[in-house]
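Engineer: coords please:
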Amino acid sequence: MKYKKPKFWDCPKTSFWSIILYPFSIIYLLLFNLVKILKIQEKFQIPIICIGNIYLGGTGKTPLVLEVFNIVKSSGKNPGIVKKSYDYLYDEITMLQKTGKIFLDKDRKKSINSLISSDYNVAILDDGFQDYSIDKSFSILCFNGNQLIGNGFLIPAGPLRENFNSIKRADCIIINGDKNYKFEDKVKKISKEIKIFYSKYKIANLNSFKNKKIIAFTGIGNPSNFFKLLKDNNIKLLKSFAFPDHHNYSDQELKKLQKISTENQAIIITTEKDYCRLNENFKSNCEFVKVNLDKENKKDFINLIKSKI
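Structural biologist: Okay, the predicted model is just below:
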């Protein structure tokens, strides 16, 4: 979904706009539950690993999909990635295609059947936690430690696609950020069976940006997280520009960035997702930040994934 996240979504106190939009959240919930009731769940002959979220955007699903894909492949299986087909998601699709085969369709069940008929034996769903038509073998929910569940309201009064209680359907939670025992307690009150892991982004090409003047821009779900990552790694940010999620950059916008860069003798950097959406001419004037997931108790996580396939 293309959108620019409202600031009040992450406000810890109930805001004016949350109150105004709350009736629409009730309508959203009623429609969501109606669709859920009408869905006929299908069970497949192969393991289905779902990597999803309940917070809309910016939770770190894509890097985790890549990591889980590599874990499954290293175990001797032949995994494929299933993603719902939307034109605006070509940035994520481009990233995923570098790693493995992607099956795209508006109907995920059709993609899974295509995957099976092509002799793949594990399906990794990039998103799909809210798709009740598929019986998943193992579900992982992603949270960003900076936002967690935001103000706790459903769309559009808040950022949640489902109520927090929906995490009881998950087998595992990944929190990208620092330890948060308060949030862990909140999770355990709903289900003591959920495994909780922590991860952090590590900049693989950090030396390319150290001691240099930097202009940063991004159009992702939570742009502030990208800028915070740069600052936490002592990257000198002269200016930063945030755009809507999955933004298609115009020539005018890119020329403006290039002008600011030239005037300040600075390097332009962005995320790998954003880089996929740039025209070829601008790519030569821009670098992307390569990030890896550094996971706590990584061996335990790997063993958990392998036990489900």
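Engineer: Just give me the longest helix of the protein.
Structural biologist: helix 16-38 (DSSP state H).
Engineer: Which helix or strand lies directly C-terminal to that helix?
Structural biologist: The C-terminal neighbour of helix 16-38 among helices and strands, as given by DSSP states H and E, is strand 48-52.
Engineer: looking just at contacts, which helices and strands does that next one meet?
Structural biologist: helix 61-74, strand 122-126, strand 138-144 (3 or more Cβ pairs under 8 Å, 6 or more residues apart in numbering; DSSP states H and E). (Each C-beta comes from the backbone N, C-alpha and C, glycine too.)
Engineer: Same list (those) but as a markdown table, adding mean neighbour count and distance to Leu115.
Structural biologist: As requested, these are exported to a markdown table (neighbours: other Cβ atoms under 10 Å; distance: least, Cβ to Cβ, whole Å):
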| stretch | mean neighbour count | distance to Leu115 |
| --- | --- | --- |
| helix 61-74 | 20 | 13 |
| strand 122-126 | 26 | 5 |
| strand 138-144 | 23 | 16 |
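Engineer: Please name whichever of these is nearest to Ile267.
Structural biologist: When the helices and strands packed on strand 48-52 are compared by Cβ to Cβ, helix 61-74 sits nearest Ile267, at 23.1 Å.
Engineer: Summarise which helices and strands that closest one is packed against.
Structural biologist: strand 48-52, strand 79-84, helix 90-97, strand 122-126, strand 138-144, strand 291-295, helix 298-307.
Engineer: go again using 6 Å as the cut-off
Structural biologist: Helix 61-74 sits against strand 48-52, strand 79-84, strand 122-126, helix 298-307, with contacts defined as 3 or more Cβ pairs under 6 Å, 6 or more residues apart in numbering; DSSP states H and E.
Engineer: Output the ones you listed in a markdown table, with distance to Phe197 appended to each entry.
Structural biologist: Compiled in a markdown table, the helices and strands packed on helix 61-74 are given as follows (distance: least, Cβ to Cβ, whole Å):
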| stretch | distance to Phe197 |
| --- | --- |
| strand 48-52 | 13 |
| strand 79-84 | 20 |
| strand 122-126 | 17 |
| helix 298-307 | 5 |
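Engineer: that older thread, nearest to Tyr249, of the helices and strands packed on strand 48-52?
Structural biologist: Closest approach to Tyr249 among those (Cβ to Cβ): helix 61-74, 19.1 Å.
Engineer: ok, back up a step: tell me which of the helices and strands packed on strand 48-52 lies nearest to Gly177.
Structural biologist: Closest of these to Gly177 is strand 138-144, at 6.3 Å (criterion: Cβ to Cβ).
Engineer: At which residues are the helices of the stretch 101-250 of the chain located?
Structural biologist: Assigned by DSSP state H, counting those that start in this stretch, the helices in the stretch 101-250 of the chain fall at 108-117, 181-190, 223-232.
Engineer: Reformat the ones you listed as TSV; add mean pLDDT and mean neighbour count.
Structural biologist: Compiled in TSV, these are given as follows (pLDDT from 0 to 100; neighbours: other Cβ atoms under 10 Å):
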stretch	mean pLDDT	mean neighbour count
helix 108-117	97	18
helix 181-190	96	12
helix 223-232	94	18
